[in-house]
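S.K.: 3D model of this:
(one chain, ligands or ions: 1)
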Amino acid sequence: ESTAAEKKRWTLNDFDIGKPLGRGKFGHVYLAREKRSNHIVALKVLFKSQLKQSQVEHQLRREVEIQSHLRHPNILRLYGYFYDQKRVYLILEYAAKGELYKELQKYKYFSERRAATYVASLARALIYCHGKHVIHRDIKPENLLVGAQGELKIADFGWSVHTFNRRRTMCGTLDYLPPEMVESVEHDANVDIWSLGVLCYEFLYGVPPFEAKEHSDTYRRIIQVDLKFPPKPIVSSAAKDLISQMLVKDSSKRLPLQKLLEHPWIVQYADPSGVYRG
Ligand SMILES: CC(=O)N[C@H]1CCN(c2c(Cl)cnc3[nH]c(-c4cn(C)nc4C)nc23)C1
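M.R.: Alright, predicted model coming up:
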């Protein structure tokens, strides 16, 4: 259902612009206040010139289309957008406690309670997305923000896609498909389970599991699932068990997100409110 905010034709005059919050690849994000309602938002300003030269207009349209229709406490709202001669403006929910990766840098790694609480809330957000045939495909600390009550918000749906119905290629005959379609390894919602497993590891150890100096080494470690748990910091075997069930090469054998929420580590450590209160 579209709200009044969705229908309204917004312009820059509707907002008082505040301090810059950060820089995305295609422009800046500013704190802003909508004049009539005094509602605080984050205004993402993108330059059309840069969007054009990077051929990401279609990706941006998809991001807006997808994120504006998602309603979940752990997904950053996109209230609307507008544009002028040179720029496109996205009116986004303001996450009062900022970027999660800065917290991770500050603390090096999170406690099991904090990590499990975050992983459980992300799993719930992804279950919601997958229920709408949306896969995020870019779950990483840089795309996670923290709301006023400490709740996690998935932002930046720049890489999300609607999974088109694969009836044609899944149970239909493959006979008529050209080699490039039979060959291409189609990915499905299970890519987000893998990424959540990588994120869980990074929350607990402070580094991602397949990190290496060279990209080629990281690539090899990923395809070989070269998963090692360092002796420090000390992490429970329950956490290692969960991560091991998510970082599985065969995407159909990864622990389903619903099962993740029933895993002993989540049940024992995640705060049921989905909010880490420190
Ligand atoms: C790629 C990209 O958009 N990255 C970030 C920049 C700020 N932006 C925010 C977005 Cl899109 C929404 N809410 C935010 N809140 C903050 C923030 C709050 N504090 C106290 N410090 C910061 C920073 N930033 C945002 C997303």
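S.K.: Identify all residues paired with whatever residue of the chain ends up closest to the ligand through a beta bridge.
M.R.: Closest to the ligand within the chain is residue 22: 2.6 Å, counting by C-beta to the nearest ligand atom. All C-beta spots, glycine's among them, are computed from the backbone N, C-alpha and C. Residue 22 forms beta bridges with residue 29, as assigned by DSSP bridges.
S.K.: Near it, how many other residues are there?
M.R.: 13 (other C-beta atoms under 10 Å).
S.K.: One more: the one 4 residues further on?
M.R.: Other residues within reach of residue 26, judged by other C-beta under 10 Å, total 19.
S.K.: again with residue 145
M.R.: 25.
S.K.: distance between the helix or strand hosting it and the chain's centre?
M.R.: Counting by DSSP states H and E, the element that carries residue 145 is strand 144-146. A distance of 9 Å separates the centroid of the chain from that of strand 144-146, by C-alpha atoms, centre = their mean, to the nearest Å.
S.K.: what helices or strands is it leaning on?
M.R.: helix 100-107, strand 152-154 (3 or more C-beta pairs under 8 Å, 6 or more residues apart in numbering; DSSP states H and E).
S.K.: Report whether it contacts the ligand.
M.R.: Yes: applying C-beta under 6 Å from any ligand atom, one finds strand 144-146 touching the ligand at residue 145.
S.K.: avg pLDDT for that strand?
M.R.: Taken as a whole, strand 144-146 carries a mean pLDDT of 95.
S.K.: Use 598 as the first number for this chain going forward.
M.R.: Noted, 598 is the first residue going forward, which turns the last one into strand 741-743.
S.K.: residues in contact with that strand?
M.R.: 673, 692-698, 700, 715, 719, 749-752 (C-beta atoms under 8 Å, 6 or more residues apart in numbering).
S.K.: make it 6 Å
M.R.: For strand 741-743, contacts defined as C-beta atoms under 6 Å, 6 or more residues apart in numbering pick out 692, 694, 696-697, 749-750, 752.
S.K.: Can you classify residue 856 by secondary structure?
M.R.: Following DSSP: H, G, I helix; E, B strand; the rest coil, the label given to residue 856 is helix.
S.K.: excluding its backbone neighbours, what's nearest residue 818?
M.R.: residue 807 (4.0 Å; C-beta to C-beta, 6 or more residues apart in numbering).
S.K.: Helix or strand: which one has the one you found?
M.R.: Judged by DSSP H and E, residue 807 forms part of no helix or strand.
S.K.: Next, work out how far apart it and residue 660 are.
M.R.: 27 Å (C-beta to C-beta, to the nearest Å).
S.K.: Tell me the residues of the chain that contact the ligand?
M.R.: Residues of the chain lying close to the ligand by C-beta under 6 Å from any ligand atom are 618-619, 621, 626, 639, 641, 689, 691-692, 695-696, 742, 752-753.
S.K.: one more time with 5 Å
M.R.: Counting by C-beta under 5 Å from any ligand atom, the chain comes close to the ligand at 618-619, 621, 626, 639, 689, 691-692, 695.
S.K.: any idea which of those has the most stuff around it?
M.R.: In the residues of the chain next to the ligand, the most neighbours by other C-beta under 10 Å go to residue 689, 24 neighbours.
S.K.: Remind me which helix or strand it belongs to.
M.R.: Counting by DSSP H and E, residue 689 is part of strand 684-690.
S.K.: what does residue 614 give?
M.R.: Going by DSSP H and E, residue 614 is part of strand 612-621.
S.K.: Pull that strand out as PDB, backbone CA atoms only.
M.R.: The C-alpha trace of strand 612-621 is given here as PDB (Å, rounded to 0.1, in the frame of the first residue of the first chain):
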ATOM      1  CA  PHE A 612      13.500  20.100   3.300                       C
ATOM      2  CA  ASP A 613      16.000  21.900   5.600                       C
ATOM      3  CA  ILE A 614      19.400  20.400   4.800                       C
ATOM      4  CA  GLY A 615      21.700  19.600   7.800                       C
ATOM      5  CA  LYS A 616      25.200  18.100   8.200                       C
ATOM      6  CA  PRO A 617      26.600  15.600   5.800                       C
ATOM      7  CA  LEU A 618      26.200  12.000   7.200                       C
ATOM      8  CA  GLY A 619      28.600  10.300   4.900                       C
ATOM      9  CA  ARG A 620      29.600   9.700   1.300                       C
ATOM     10  CA  GLY A 621      28.200   7.000  -0.900                       C
END
